[in-house]
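[1] Here is a sequence together with a model predicted from it:
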Amino acid sequence: MEGITMSNPILLDFPESFETERLLIRAPQAGDGAELNEAIRESRSELLPYMPFAKNLPTVEESEIFSREGRISYLKRSSLFLRIYDKHTGAFIGCSGLHQIDWEAGKFEIGYWVRTSCSGKGYITEAVNGIVDFAIRELAANRLEIRCNAANVRSAAVAERTGFKLDGILRKDRLENDGQLHDTKIYAKVRGDEF
């Protein structure tokens, strides 16, 4: 299957949610802001080195605006923000998504973070595997990437556990919250080699 070629990806029809063994993964919805904000506040110290949104804690209203804008982006197919929930309890676990989308090439970047109280339970590994399956099955992905700060050992471990291969390291690529330039690891899965 080749990448989706069309003049306007907004015409694409694909699900707004899917499940893995333990997780419900879905597009953002109005009303998600409060639980998102709570998770960011709980997890700020872990998020701060790598996530720009953690530098200045958002208000609940700002998190709600972000959730609604994420919903619009999903519908426009410009960026596919995703929320991760425990499908048995309904508890909010974290965020992921498919970003930096090139529909013509079938290329997507997977981003993710998990709230601190849910860390170390394999949720993000499970979510990434589910998102990879979704991207291959529903979006005709040809290339999937995970990019992370080279110092973010936990994020790199997720990429490696889910079968992504290190394509390279961009030196002094990204200005992080500490005001310093950091290296970026680029991991990838490509059609024909990994799926």
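    Everything's here; your move.
[2] Contact partners for the closest residue to Arg44 other than its chain neighbours?
    In space, and not counting its chain neighbours, Arg44 is closest to Ala54: 5.3 Å by Cβ to Cβ, 6 or more residues apart in numbering. The C-beta positions use only the backbone N, C-alpha and C, and glycine is treated the same way. Counting by Cβ atoms under 8 Å, 6 or more residues apart in numbering, Ala54 makes contact with 40, 43-44, 47-48, 177.
[3] got those as CSV, with pLDDT, neighbour count and distance to Ser73 columns?
    Output for the contacts of Ala54, formatted as CSV (pLDDT from 0 to 100; neighbours: other Cβ atoms under 10 Å; distance: Cβ to Cβ, whole Å):
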residue, pLDDT, neighbour count, distance to Ser73
Ile40, 97, 21, 18
Ser43, 97, 20, 22
Arg44, 96, 15, 24
Leu47, 95, 21, 20
Leu48, 93, 16, 24
Asn177, 88, 15, 23
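[4] Sketch out the low-pLDDT regions of the chain for me.
    1-6 (pLDDT under 70).
[5] Spell out, range by range, the helices that occur in it.
    For the chain, the helices defined by DSSP state H occupy 33-42, 44-47, 60-76, 123-139, 153-161.
[6] all strands for the protein, in order.
    17-19, 23-26, 80-86, 92-102, 107-114, 143-149, 165-175, 181-190 (DSSP state E).
[7] got JSON lines for those, with distance to Lys121 and mean neighbour count too?
    Converted to JSON lines, those look like this (distance: least, Cβ to Cβ, whole Å; neighbours: other Cβ atoms under 10 Å):
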{"stretch": "strand 17-19", "distance to Lys121": "17", "mean neighbour count": "14"}
{"stretch": "strand 23-26", "distance to Lys121": "11", "mean neighbour count": "20"}
{"stretch": "strand 80-86", "distance to Lys121": "10", "mean neighbour count": "23"}
{"stretch": "strand 92-102", "distance to Lys121": "9", "mean neighbour count": "20"}
{"stretch": "strand 107-114", "distance to Lys121": "8", "mean neighbour count": "22"}
{"stretch": "strand 143-149", "distance to Lys121": "19", "mean neighbour count": "21"}
{"stretch": "strand 165-175", "distance to Lys121": "25", "mean neighbour count": "12"}
{"stretch": "strand 181-190", "distance to Lys121": "22", "mean neighbour count": "18"}
